[in-house]
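**Student:** Here is my input; please provide its structure:
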Amino acid sequence: MKIKNLVVLLLCCWTLQSCSKKDCSCEQDNCHGKVAEIEKRGKLLVGTTGDYRPLSFYETATGQYWGFGIDVAKEIASTMGVGVEFVKTSWPTLSADVMASPQTFDLAMGGITITDTRRATMLMSEGYLANGKTILCRTSEADRYRSLADIDKPEVRVMVNPGGLNEKFANENLTHATIIVHPKNEEIPSIIAKGEEADVMITEITEAPYYVQTDSRLAAPLLNSPFTHGQIGVLMQKGQDDLLQLVNNTIRRMKSDGSLRRLHEKYGLIYAY
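**Tutor:** Reported below is the predicted structural model:
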């Protein structure tokens, strides 16, 4: 028995020594899980809309993505020791793209609110950014909008992007206002500023400050009293529990070491953790 045990021990030692970090990273108790697949590929594929300043925006001039969510995605990839590639998705197709088979990307980021509906069919990480519904309007009319009731009037034209929670919120809460759906989220603030097509944009407390700071024609009078309260997280397919664990561990580490707070400061966002 002693000889048999010694042989087993020697075999185990040989196996551990011959394993490379990439091929035998079994800390997740799954050498063939999603994390191992990404490590073998050498890059993390991240779906993002690229239309949501300052969380995820695609600059056509440079062909590059930038934003708070983009930086967090890069940190997740760095934790895995791989590169990162961003894949275009859209708000109307987001859920379908995440659940597609074969997958076009590993996870989705950039202004995605954690909801029970999404959790019912997909995996969502812990929150890394607080958010809530608010409005953008013209600075000259900021005193006009002090409540949801002030917005929900027939003469008020409310513009939203299609397929996301902004449109859902408007349809559920504005029964008298005129709701206008515009296909490109990034164009709506300038449309509101001009005042020719719409008066109010339903947006988030994460997006509104950027436009107020960069366009003096715009105001966010309800920024400190949002209609809803929630958090933004990372979205992925069910069955990727090892990847979910890695993402959550990265978010927790970023909270504890101060790097998440520094990102909030970089993009002028409220730190709520």
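**Student:** what are the ranges of the strands in the stretch 1-150 of the chain?
**Tutor:** 43-48, 51-52, 56-59, 64-66, 83-88, 107-108, 123-124, 129-131, 133-138 (DSSP state E, counting those that start in this stretch).
**Student:** The closest residue to Ile70 other than its chain neighbours: what's it in contact with?
**Tutor:** Distances taken as Cβ to Cβ, 6 or more residues apart in numbering put Ser56 closest to Ile70, at 5.8 Å, once the chain neighbours are dropped. Placement of C-beta: from N, CA and C, glycine included. Taking Cβ atoms under 8 Å, 6 or more residues apart in numbering as the contact definition, Ser56 lies against 48-50, 65, 67-70, 109-111.
**Student:** sorry, back to before: among the strands of the stretch 1-150 of the chain, which is the most enclosed?
**Tutor:** With neighbours defined as mean count of other Cβ atoms under 10 Å, the strands of the stretch 1-150 of the chain peak in mean count at strand 107-108, which reaches a mean of 28.
**Student:** helices or strands up against it?
**Tutor:** strand 43-48, helix 94-98, strand 235-236 (3 or more Cβ pairs under 8 Å, 6 or more residues apart in numbering; DSSP states H and E).
**Student:** The second one: which residues count as buried?
**Tutor:** Same thing as helix 94-98. 94-95, 97-98 (16 or more other Cβ atoms under 10 Å).
**Student:** Run through the stretch 51-200 of the chain and note the low-pLDDT ranges.
**Tutor:** Across the stretch 51-200 of the chain, nothing is flagged by pLDDT under 70.
**Student:** ok so, going back, any idea how far the residue nearest to Ile70 lies from Ser259?
**Tutor:** Going from Ser56 to Ser259 by Cβ to Cβ, to the nearest Å gives 18 Å.
**Student:** my guess is Asn248 contacts Met124, does it?
**Tutor:** No: between Asn248 and Met124 there is no contact under Cβ atoms under 8 Å: 10.1 Å.
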